[in-house]
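K.L.:
Fold the following for me, if possible:
(chains A and B)
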2 protein chains.
Amino acid sequence: MVAPTNAMVSSTLEKLMELKNTSHNIRAQWVLNPPEPPCLWRQVLDNIKGTFLPRNKFSSLRNQSLSKNVFVLLQKLFPILGSLREYNIQKFKYDFMAGLTLAILAIPQSMGYATLAQLSPEYGLYSSIIPPLIYAMLASSREIVIGPIAVDSMLLSSMIRTLKDPVHDSAGYTQLVLTATFLVGVFQLAFGLFRFGFLVDYLSHATIVGFLAAAALGIGLQQLKGLFGIKHFTNKTDLISVMKAVFTSLSTQSEWHPFNFLFGLSFLFFILFTTHLGRRNKKLFWLSTAGPLFWVIIFSVIAYRINLHKLEVEDYIVEVLGPIKGGSLKSSSLYKIHVGDEFVVPLIKIGFTIAVISTTMGISVGRSFASLRGYHLDPNKEMVSLGLMNIVGSFTSCYVATGSLARTALKYNAGSETMVSSIVMALMVLLSLRFLTGLLYFTPKAVLAAIILSAISGLIDLKKAYEIWKVDKFDFLACIGAFIGVLFASVEIGLAIGVTISFVKIIIISIQPGIRIVGKLPGTYDFGDVEQYPMAVKIPGFFIVSVKSSVLCFANASLVRKRIERMVTDEEAKDGKGEITFKFVILDTSSLMSIDTAGIASLEELNKSLTLYGVKLAIANPRWQVIHKLRLANFVDKIGGRVFLSVGEAVELCIGAKIGIV
Amino acid sequence: MVAPTNAMVSSTLEKLMELKNTSHNIRAQWVLNPPEPPCLWRQVLDNIKGTFLPRNKFSSLRNQSLSKNVFVLLQKLFPILGSLREYNIQKFKYDFMAGLTLAILAIPQSMGYATLAQLSPEYGLYSSIIPPLIYAMLASSREIVIGPIAVDSMLLSSMIRTLKDPVHDSAGYTQLVLTATFLVGVFQLAFGLFRFGFLVDYLSHATIVGFLAAAALGIGLQQLKGLFGIKHFTNKTDLISVMKAVFTSLSTQSEWHPFNFLFGLSFLFFILFTTHLGRRNKKLFWLSTAGPLFWVIIFSVIAYRINLHKLEVEDYIVEVLGPIKGGSLKSSSLYKIHVGDEFVVPLIKIGFTIAVISTTMGISVGRSFASLRGYHLDPNKEMVSLGLMNIVGSFTSCYVATGSLARTALKYNAGSETMVSSIVMALMVLLSLRFLTGLLYFTPKAVLAAIILSAISGLIDLKKAYEIWKVDKFDFLACIGAFIGVLFASVEIGLAIGVTISFVKIIIISIQPGIRIVGKLPGTYDFGDVEQYPMAVKIPGFFIVSVKSSVLCFANASLVRKRIERMVTDEEAKDGKGEITFKFVILDTSSLMSIDTAGIASLEELNKSLTLYGVKLAIANPRWQVIHKLRLANFVDKIGGRVFLSVGEAVELCIGAKIGIV
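P.N.:
Below is the predicted model of the structure:
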């Protein structure tokens, strides 16, 4: 760091002094004859180029030793290496416990989602082994836990069902699902490599808050099935279907047993109590991570005792997971990836749709937790990781997996901060698939429901929603829109509502019609909005206004013109005698980034109607694009060349005298 | 008009002098403690109030005599009175000839569209009598000619067909159509009264150019039926269906006769020739208006002679209109307006849909021609007129009518400038319905097709499209989008594409990421973009940039931050020694109209990373909403309170010295 030297300053001063004595007329030429600005088209292309072709990716490699370079490169490719450098036994303890808890959650969840996708349950378990392992190596996120999710599972079954019947041709249906998974991976990889990651920037913070709350509520409602021990439940995720299914089941005595509810509730109490204890007392911190697993074992034993005298699983008082199909991990399902000619087009469409939704879901989950931890997620890298993971997954009998909200929340709450917990989870699922399928037999379903319920409560952030309401009503509308859309319709509709409202807000800000009255700020050379700066003084003889909008176009031009005309006639009325006390209207266009033909036409109309009142129009401080368009349309000549560098220059030149710093 | 008096100026100067000696610190407080700005929500509400509750509607009535007031009021209610004040026999001549030509066009066209709507042909004729008469009294447009149009007719038949079968229950179907017409009128009236007219502002100029060209091409293609004398033709309006129908028919010898084509083409030649003559020679101007009618009579006589020896209409060499069902105007169809309980909801939906499309079509036709004549159309008044017209129409056996593009173009080309021609047309159609149905028997269909073709050629404005291309590539995209959408899909889709592209352009302008480097403009107190003002000089020790976007939000915040950080590291690289030659980054936020939480978060990140380089961040010239949000988020404290009125103040305060006017 060097301070600017005296030599540098004086050379700049010389340069300025040379030009100091330029007259107003020469400066007017500066405004009127700028270089040709780049057109919007050009700018968009440049932006795209800037987005897709990043430079200096490895600039941090310079001036370092070779071995260090190799490590930096490896770390860029496998971010997990970075976190392992500072790894210790303490962290592993948390990760191990979290991984264990995750596995306990993942096993029944994966099987449930596989059933939802109309696949045999073991495909869900496969999808909780291979994809999390691959993702753990590649991903830049430290929070996301990978697994099958409800939305993807439902979409797959509803879309592929139209191509092949899952009941009568189960093998053919499974083959199509695996092929679709392969295509999802290809699309995700392409999104990442072509750097389409910026697309997920379009989910605003407010949208994500609403989305998370609704998704959490949706997952929570799904857990009512387990909590009440309901035997037959709906596959849908929207509020109305779920509530209907719950009430139908609860009104039928044979469908559920209140003991399950008691079981789940008391487990929830114990788990929350131990977490609370662990958080309050630093020494008892192990309670909050080991708690869930401990209580699962205790409750399983109790369930075993209670159900001991019943012979059939169907008669059990406490609903338990029951028999789980065992088996080993299939070596390869590569032969299953095959697209028959007849299904090429629909499968590509299905692949693209699910790739978009799955990526958005996964990355929005990742972003939410990344922002809680205070780091930034590179969406392009995430997309590449998700893509590779699904491609390899489709070769090993896994179906579409992405960032799972419930698991990610569980891991976050368990205090795990590295990807090791995902690896532990995957290995645990693998072990249980090989050896322990009989062991989970007596885990009560209500207990698993309570685990998920305790994990998701933190996602409904009412305080944040209230903050958004306080700061910006429009953002709150986007938040509520996303919330209601996800809850009552579907995830896609909810996200679409949130994104749309966020963009409508930008449009409204940009085209808000109206003007601001501008006054001189005492003691400076500057002029400012008299509402923002109440000490600003209006200059007599002038009516100086600034356009509020940032674009003067078809959508607001006539409204802006009418506002200015009305203010001029109001001034006339105020005078009492119907006389106008000013000779000039100065239009400060510094806010205007762009103007279109309708905007220029309305300025021409304004100039005509002002001329009728004997008032002259002047333009101050036009931006590059605006002055360019005004010159093209010959507007500058129509207002007698009264275009100035700043409001101050405009005032001085109109009255032909210096006003100085007063 | 009074010039500002010396007293006024000196009182202002005194006020300024009092405040002149405020220190920089006090002025910093001006920036930091502005009054609470109105939130966006409030502004939107105010705008809505301003739009829906106009003031001073009758301000022009003040200070005038009672009789004059009554006339002004009457003229406001019935704008036709205004044009009749300066009416003379010369104008009537044009109007009469135009009305006659319009009637000649209106009769077969109305009957054709009624058939398209699956109604008996006379309903089309009724719709060309009552609605134009009512509209002529009420409307502020001087160009629009009212009648049934193809889009509405097609929509009505396709939507009401699902409720009642038009073939087996013709009476019931007709009743539903008339009820739908009544509801369309009610919706249009409501749109107008509640001042939703601003909605049509959202059709940008570029969209209208594209829409008109495609609609003209569509209508022109429909005329191929008449021009070739094709017997069986498609009802669809999109390019592909029409071209297919034409080629299918032309390849079948029995379907058409080349004589029709010859007939139509020679008529087109004569009509264009007489119009050309009339335009070149002022004395022969009558030729251009009387021409069409004259040639219609001549060609009808020729057709009569050619067809003389044939006995059946089907055998005629030249296709003629043939027998037209006569009849008198039904006194009332009020009894037919009835909504059965079962159809309430679908009919309201149909009414709303057609009201929206019909109004948009009518007003966009009206606006196009109003802008050709150089006056402004009040969309609210138009909506009220269209609504009343359709309500009364539905009582008198008329179905939905609106501004017809073909008729309006014909009237415009005929040189008629008042609504009298519409009245003449209506009376002529009424007369022909009563007495002259036999007379139109021998009018060749090819001749009518040629009349429409000659009228629409002016609507395809290639020159305008080229101008749009030159001025703004994005607007051209909207134009082409609307054109292709209307031509290959439908009017609604085309308009939707145009509107969407126009709004996407606004979003892109508002969120374009990137920054501009700012320098001092010699001889002034001002700073400006060094690209726009190449003579601007960079101040050593400072890196002064202005944000290009007008909104810093979720969609662009991280990109903007990255650009600034990259420019800072580029400066570092440029130096060669890897040293930064500046101590301050001043961010000129005068373009920014708004900032959201993501924007503030990215500024905080920027501040953090600049601090790592030992560089301080300062904000200059924040707008009202922006400084308010920055203060709420405590950002001002985080950058050490370095928020200044202007770039100049920021520079002076950072180096602790005056830089003056150099």
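K.L.:
quick one, strands of the stretch 1-150 of chain A?
P.N.:
With strands called from DSSP state E, counting those that start in this stretch, the stretch 1-150 of chain A shows them at A:146-147.
K.L.:
any weak-confidence spans in it?
P.N.:
A:1-32, A:38-41, A:43-44, A:47-66, A:116 (pLDDT under 70).
K.L.:
Kindly recompute the last result at 80.
P.N.:
Applying pLDDT under 80 to the stretch 1-150 of chain A flags the ranges A:1-86, A:104-105, A:107-109, A:111-118, A:120-122, A:140, A:150.
K.L.:
could you pull out the helices for it?
P.N.:
A:6-20, A:24-32, A:40-52, A:66-77, A:80-84, A:89-116, A:122-127, A:130-138, A:150-160 (DSSP state H, counting those that start in this stretch).
K.L.:
who touches the residue lying closest to A:Val424 once chain neighbours are set aside in this structure?
P.N.:
Using CB to CB, 6 or more residues apart in numbering or on different chains and skipping residues adjacent in sequence, the residue nearest A:Val424 is A:Gly99, 2.5 Å away. From N, CA and C alone the C-beta is placed, and that goes for glycine too. Listed by CB atoms under 8 Å, 6 or more residues apart in numbering or on different chains, the contact set of A:Gly99 reads A:Ser416, A:Val420, A:Ser421, A:Ser422, A:Ile423, A:Val424, A:Met425, A:Leu427, A:Met428.
K.L.:
Can you tell me the closest non-neighbouring residue to the fifth one?
P.N.:
Here the nearest residue to A:Ile423 in space, its sequence neighbours aside, is A:Ala136; by CB to CB, 6+ apart that works out to 5.3 Å.
K.L.:
Relative to chain B, how far out is the one you found?
P.N.:
26 Å (CB to the nearest CB, to the nearest Å).
K.L.:
What is the neighbour count of the residue of the stretch 101-250 of chain A found nearest chain B?
P.N.:
Closest contact between the stretch 101-250 of chain A and chain B, by CB to the nearest CB, is at A:Ser204 (3.9 Å). For A:Ser204, the neighbour count with other CB atoms under 10 Å in any protein chain shown is 26.
K.L.:
Next, the contact list for it, please.
P.N.:
Per CB under 8 Å, 6+ apart, neighbours of A:Ser204: A:Asp475, A:Ala478, A:Gly498, A:Val499, A:Ser502, B:Cys553, B:Phe554, B:Ala555, B:Asp596, B:Ala598.
K.L.:
Please apply the same query to A:Ile149.
P.N.:
A:Ile149 makes contact with A:Tyr113, A:Ser358, A:Met361, A:Ala401, A:Thr402, A:Gly403, A:Ser404, A:Leu405, according to CB under 8 Å, 6+ apart.
K.L.:
ok, so of those, who is nearest chain B?
P.N.:
Among these, and counting by CB to the nearest CB, the member closest to chain B is A:Met361, at 17.7 Å.
K.L.:
residue contacts, that closest one?
P.N.:
Applying CB under 8 Å, 6+ apart to A:Met361 gives the contacts A:Ile149, A:Val151, A:Asp152, A:Thr402, A:Gly403, A:Leu405, A:Val491.
K.L.:
Hmm, A:Val429 and A:Leu125 touching each other?
P.N.:
Yes - using CB atoms under 8 Å, A:Leu125 is in contact with A:Val429, at 5.9 Å.
K.L.:
Please enumerate the shared neighbours of those two.
P.N.:
Common neighbours of A:Leu125 and A:Val429, using CB under 8 Å, 6+ apart, are A:Ile107, A:Ser110.
K.L.:
Could you give the number of residues near the residue nearest to A:Leu239 when sequence neighbours are not counted?
P.N.:
Sequence neighbours aside, A:Leu487 is the residue nearest to A:Leu239 in space, at 4.8 Å (criterion: CB to CB, 6+ apart). By other CB under 10 Å, 21 other residues sit near A:Leu487.
K.L.:
what about A:Leu487, which SS state?
P.N.:
helix (DSSP: H, G, I helix; E, B strand; the rest coil).
K.L.:
how far away is the residue nearest to A:Val424 from chain B?
P.N.:
Separation of A:Gly99 from chain B (CB to the nearest CB) stands at 32 Å.
K.L.:
cool, A:Lys381 as well?
P.N.:
Separation of A:Lys381 from chain B (CB to the nearest CB) stands at 14 Å.
K.L.:
Chain neighbours aside, what residue packs nearest to that residue?
P.N.:
In space, and not counting its chain neighbours, A:Lys381 is closest to A:Ser140: 4.8 Å by CB to CB, 6+ apart.
K.L.:
Would you agree the one you found is in contact with A:Glu382?
P.N.:
Yes - if you go by CB under 8 Å, A:Ser140 and A:Glu382 touch, sitting 6.6 Å apart.
K.L.:
of the two, who's got more company?
P.N.:
A count of neighbours by other CB under 10 Å puts A:Glu382 above the other of A:Ser140 and A:Glu382, at 28 against 21.
K.L.:
in what helix or strand does the more buried one lie?
P.N.:
helix A:379-395 (DSSP states H and E).
K.L.:
Alpha carbons only: can I get that helix in CSV?
P.N.:
Taking C-alpha atoms only, helix A:379-395 is exported to CSV below (Å, rounded to 0.1, in the frame of the first residue of the first chain):
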residue,chain,number,x,y,z
PRO,A,379,-23.9,-22.8,-7.4
ASN,A,380,-21.9,-23.8,-10.5
LYS,A,381,-19.7,-26.2,-8.5
GLU,A,382,-22.8,-27.6,-6.7
MET,A,383,-24.5,-28.3,-10.0
VAL,A,384,-21.4,-30.2,-11.3
SER,A,385,-21.3,-32.2,-8.0
LEU,A,386,-25.0,-33.0,-8.2
GLY,A,387,-24.7,-34.0,-11.8
LEU,A,388,-21.7,-36.3,-11.4
MET,A,389,-23.4,-37.8,-8.4
ASN,A,390,-26.6,-38.6,-10.2
ILE,A,391,-24.8,-40.0,-13.3
VAL,A,392,-22.7,-42.4,-11.2
GLY,A,393,-25.7,-43.1,-9.1
SER,A,394,-27.8,-44.1,-12.1
PHE,A,395,-25.0,-46.7,-12.9
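K.L.:
and it with helix A:130-138, angle?
P.N.:
Inter-element angle recorded for helix A:379-395 and helix A:130-138: 150 degrees (by axes from the mean of the first three to the mean of the last three CA atoms, to 10 degrees).
K.L.:
circling back to that earlier point, just the closest of the contacts of A:Ser204 to A:Ile460, please.
P.N.:
Nearest to A:Ile460, judged by CB to CB, of the contacts of A:Ser204 is A:Gly498 at 16.1 Å.
K.L.:
wait, that closest one sits on A:Ala206?
P.N.:
Yes - assessed by CB under 8 Å, A:Gly498 is found in contact with A:Ala206 at 7.0 Å.
K.L.:
okay, and the common contacts of these two?
P.N.:
Common contacts of A:Gly498 and A:Ala206, defined by CB under 8 Å, 6+ apart, comprise A:Ala478, A:Cys479, A:Ala482.
K.L.:
Can you classify the first one by secondary structure?
P.N.:
For A:Ala478, the assignment made with three-state DSSP gives helix.
K.L.:
what does A:Val545 give?
P.N.:
Following three-state DSSP, A:Val545 is assigned to strand.
K.L.:
Run through the residues that contact it.
P.N.:
A:Ile515, A:Arg516, A:Ile517, A:Val518, A:Ile564, A:Met567, A:Val585, A:Ile586, A:Leu587, A:Asp588.
K.L.:
Fine by me, we can end here.
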